[in-house]
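> Next comes the sequence, and after it the predicted model I'd like to discuss.
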Amino acid sequence: DAKTTQPDSMESTEGETVHLPCSHATISGNEYIYWYRQVPLQGPEYVTHGLQQNTTNSMAFLAIASDRKSSTLILPHVSLRDAAVYHCILRVQQGTGSKLSFGKGAKLTVSP
Amino acid sequence: AQTIHQWPVAEIKAVGSPLSLGCTIKGKSSPNLYWYWQATGGTLQQLFYSITVGQVESVVQLNLSASRPKDDQFILSTEKLLLSHSGFYLCAWSLDWGGGEQYFGPGTRLTVL
């Protein structure tokens, strides 16, 4: 799976809209972009994923650049519960294993 | 609704002692199951995956083994623990064949002394 680059950390305040960037310049045409988040001493939580089109769900909006070399996870009106390490992961929808390769991710801090 | 349960919640074990960690998925038949490990301050690594009962594939060699005795159960074990086995062990499941949407359990914190 191709490599992603995220900032080490980002800071925000409750109520703000947060934009978490992810760069994946060498993404392949069949690789999906997945986002997970993890708080200490808990398992990762699936947030969203996409291939080419922007996607939205109850948790976040995923904006994917037209050339697919970057994406942005947009968290509207963040709360303290959104503080976590956010992982941007690329993976091919292949048949076996569903291997997810987690990196260090981006630590989001949310202040009251 | 699907639930994933891991046991024990935490364990303190001596080097050289055996280990058995368990994971149970309820509310979903024939899930794909996974074991992950995270050293303190480290990144998550997938250790094993299982597509069906009795079939387990190893992804990373850490002197651990895994088994799937039942459709809803995944076991991680070793006969001799090493200091390097300390960390956070997570079980996860996915429904779709090859899907990247995985759901993680609460984890087991293991300390090897």
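Okay, I see it.
> For chain B, give me the ranges with low pLDDT.
B:97-99 (pLDDT under 70).
> What residues does it have near chain A?
B:32, B:34, B:43-46, B:49, B:51, B:57, B:59, B:88, B:90, B:92, B:94, B:97-107, B:109 (C-beta under 8 Å from any C-beta of the partner chain). Any C-beta I mention is one placed from the backbone N, CA and C, and that applies to glycine too.
> Filter those residues down to the buried ones, PyMOL style.
With 16 or more other C-beta atoms under 10 Å in any protein chain shown as the criterion, this PyMOL line picks the buried residues out of the residues of chain B next to chain A:
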select buried, chain B and resi 32+34+44+45+46+49+51+88+90+92+94+98+100+102+103+104+105+107+109
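> What sits closest to the residue of chain A found nearest chain B if chain neighbours are left out?
Nearest residue of chain A to chain B (C-beta to the nearest C-beta) works out as A:Gly43 at 2.8 Å. Nearest residue to A:Gly43, sequence neighbours excluded (C-beta to C-beta, 6 or more residues apart in numbering or on different chains): B:Phe104, at 2.8 Å.
> B:Ile75 too?
In space, and not counting its chain neighbours, B:Ile75 is closest to B:Ser67: 4.9 Å by C-beta to C-beta, 6+ apart.
> What's opposite the spatially most central residue of chain B in the beta bridge?
Per C-alpha atoms, centre = their mean, the C-alpha nearest to the average position across chain B is that of B:Trp35, at 3.2 Å. On the basis of DSSP bridges, B:Trp35 is bridged to B:Phe48, B:Cys91.
> so it touches B:Trp93, yeah?
No - with contact defined as C-beta atoms under 8 Å, B:Trp35 does not reach B:Trp93; the gap is 10.9 Å.
> wait, what's in contact with the residue nearest to the centre of chain B?
By C-beta atoms under 8 Å, 6 or more residues apart in numbering or on different chains, the contact set of B:Trp35 is B:Cys23, B:Gln46, B:Leu47, B:Phe48, B:Tyr49, B:Ala66, B:Phe74, B:Leu76, B:Tyr89, B:Leu90, B:Cys91, B:Ala92.
> nearest to A:Ala65, of these?
Ranked by distance to A:Ala65 (C-beta to C-beta), the contacts of B:Trp35 are led by B:Gln46 at 28.0 Å.
> Leaving out the residues flanking it, which one is nearest to the closest one?
Leaving aside its sequence neighbours, B:Gln46 sits nearest to B:Val59 (C-beta to C-beta, 6+ apart; 4.8 Å).
> again with B:Glu11
When the adjacent residues along the chain are set aside, B:Glu11 lies closest to B:Leu110, with 5.1 Å between them (C-beta to C-beta, 6+ apart).
> can you list the residues that contact the helix or strand containing the one you found?
Per DSSP states H and E, B:Leu110 falls inside strand B:108-112. By C-beta under 8 Å, 6+ apart, the residues outside strand B:108-112 that reach it are A:41, B:6-15, B:19, B:21, B:81-90.
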